[in-house]
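Trainee: Structure for the following, please:
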Amino acid sequence: MKALATFVMRGWSQATGVAVLCAVLSVLLPPLSILSGAVVALVALRDGAQAGLKLLAAATVVTALALQLVVGQAAVALLLPLLLWVPMLVLALALRYTRSLPAALLIAVGFGTLIVLAHVVALDDPAGHWTEVIGAQVGEVLTAQGLDEAASKQVLEAMGRWMTGALAAAYFLQIAASLLLARWWQALLYNPGGFGAEFRALRLPRWLALLALPLFAALFMAGLPDVLRYLALPVAAAFFLQGLALAHAQLAAFKAGPGWLIGIYALLVVATPYAFIALATAGYADAWMDFRARKTDRTGEGGRT
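Mentor: Sure thing, here's the model as predicted:
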């Protein structure tokens, strides 16, 4: 990874090539979009707005030319800066000038909120729309599993009710992952060890926890507007990251071996929903209780900041 970051920082042409290549290949391997976004964020973090804008413009032009030659659809290239590179430029510049990872992640939550609002504005019934889309993709699979028509309809409707929020949460996690990767690269190149301390200290403001109360209530209570349930998921994803940071911090404080972190990340792979809920719950509780500060006070290593 350090070699790739070093290559990216050699010049704008190298950065452009990596950003475009990863973005194009992400059609076949979606996680590569995280690398593409991280390239833009790294350049902006290190060299500022002008360098970031230059890279964004160059990457957009190169992508448009490539798509025009291959499929005759240069206009499709506009989706990449709109959904990937522009948000990453904004997040990276926010982090560069505020030096606050929580502030940058709050902006990322804002981008997730825009995804929800776009669905609500563009679709009369987002849940119904996604029920139809998912049904067209997996309806026959459910029938093959032995579910009758009524049971299949219930499953599809349940999936449709969650889809808008899930997409917003996934989008938030994608751009947040790109930002964190870029910050890690920056630390590897220019401030070894700096990223770990910054991530372990991540704590979202208490006002977000207060604002989240009606959103999280909508996850469990019927009769509340659907948009609250949609908005709850990107916010929950933000607290998931705080929970992950809390886990890193607590394990570091107790000098636990790397096996514990490996176990946490393994659970995220094999038991994703349960691990996500557990870490999001821990992160939300930490927003109110500030467990790291309490641990510091008890051990006498310092007070609250």
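Trainee: can we go C-alpha only for contacts and neighbour counts from here?
Mentor: OK.
Trainee: The residue positioned nearest the centre of the chain and D290: what is the separation?
Mentor: In the chain, the C-alpha nearest the mean C-alpha coordinate belongs to L173, at 1.3 Å (Cα atoms, centre = their mean). In this view, L173 and D290 are 23 Å apart by Cα to Cα, to the nearest Å.
Trainee: low-confidence ranges in the stretch 51-200 of the chain?
Mentor: 70-77, 139-143, 145-146, 148 (pLDDT under 70).
Trainee: can you map out the helices along the stretch 51-200 of the chain?
Mentor: 79-80, 86-98, 101-122, 126-144, 149-190, 194-200 (DSSP state H, counting those that start in this stretch).
Trainee: And those helices: which comes nearest T272?
Mentor: Of all these, helix 149-190 sits nearest to T272, with 12.9 Å by Cα to Cα.
Trainee: how much does the closest one deviate in direction from helix 126-144?
Mentor: Here helix 149-190 points in a direction 110 degrees away from that of helix 126-144 (axes from the mean of the first three to the mean of the last three Cα atoms, to 10 degrees).
Trainee: Any idea how far helix 149-190 is from the middle of the chain?
Mentor: Counting by Cα atoms, centre = their mean, to the nearest Å, helix 149-190 is centred 6 Å from the centre of its parent chain.
Trainee: Can you lay out the helices of the stretch 51-200 of the chain as JSON lines showing distance to V235?
Mentor: Shown next, in JSON lines, are the helices of the stretch 51-200 of the chain (distance: least, Cα to Cα, whole Å):
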{"stretch": "helix 79-80", "distance to V235": "24"}
{"stretch": "helix 86-98", "distance to V235": "17"}
{"stretch": "helix 101-122", "distance to V235": "6"}
{"stretch": "helix 126-144", "distance to V235": "19"}
{"stretch": "helix 149-190", "distance to V235": "8"}
{"stretch": "helix 194-200", "distance to V235": "18"}
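Trainee: nearest to V269, of the ones you listed?
Mentor: Across the helices of the stretch 51-200 of the chain, closest to V269 is helix 149-190 (Cα to Cα), at 14.9 Å.
Trainee: Can you list the helices and strands that the closest one packs against?
Mentor: Judged by 3 or more Cα pairs under 8 Å, 6 or more residues apart in numbering; DSSP states H and E, the packing partners of helix 149-190 are helix 2-8, helix 32-47, helix 86-98, helix 101-122, helix 126-144, helix 194-200, helix 226-253.
Trainee: quick one, which of these is packed in tightest?
Mentor: Burial of the helices and strands packed on helix 149-190 is given as mean neighbour count (mean count of other Cα atoms under 10 Å); helix 32-47 ranks first at a mean of 26.
Trainee: Restrict that one to CA atoms and write it as PDB.
Mentor: Output of helix 32-47 as PDB, limited to C-alpha atoms (Å, rounded to 0.1, in the frame of the first residue of the first chain):
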ATOM      1  CA  LEU A  32     -11.600  -0.700  -6.200                       C
ATOM      2  CA  SER A  33     -13.900   2.400  -6.100                       C
ATOM      3  CA  ILE A  34     -12.600   2.900  -2.600                       C
ATOM      4  CA  LEU A  35      -9.000   3.100  -3.900                       C
ATOM      5  CA  SER A  36     -10.000   5.500  -6.700                       C
ATOM      6  CA  GLY A  37     -11.600   7.800  -4.100                       C
ATOM      7  CA  ALA A  38      -8.700   7.500  -1.800                       C
ATOM      8  CA  VAL A  39      -6.300   8.700  -4.500                       C
ATOM      9  CA  VAL A  40      -8.300  11.900  -5.000                       C
ATOM     10  CA  ALA A  41      -8.500  12.400  -1.200                       C
ATOM     11  CA  LEU A  42      -4.700  11.800  -0.700                       C
ATOM     12  CA  VAL A  43      -3.800  14.400  -3.300                       C
ATOM     13  CA  ALA A  44      -6.200  16.900  -1.700                       C
ATOM     14  CA  LEU A  45      -5.100  16.200   1.800                       C
ATOM     15  CA  ARG A  46      -1.400  16.700   1.000                       C
ATOM     16  CA  ASP A  47      -1.400  19.400  -1.700                       C
END
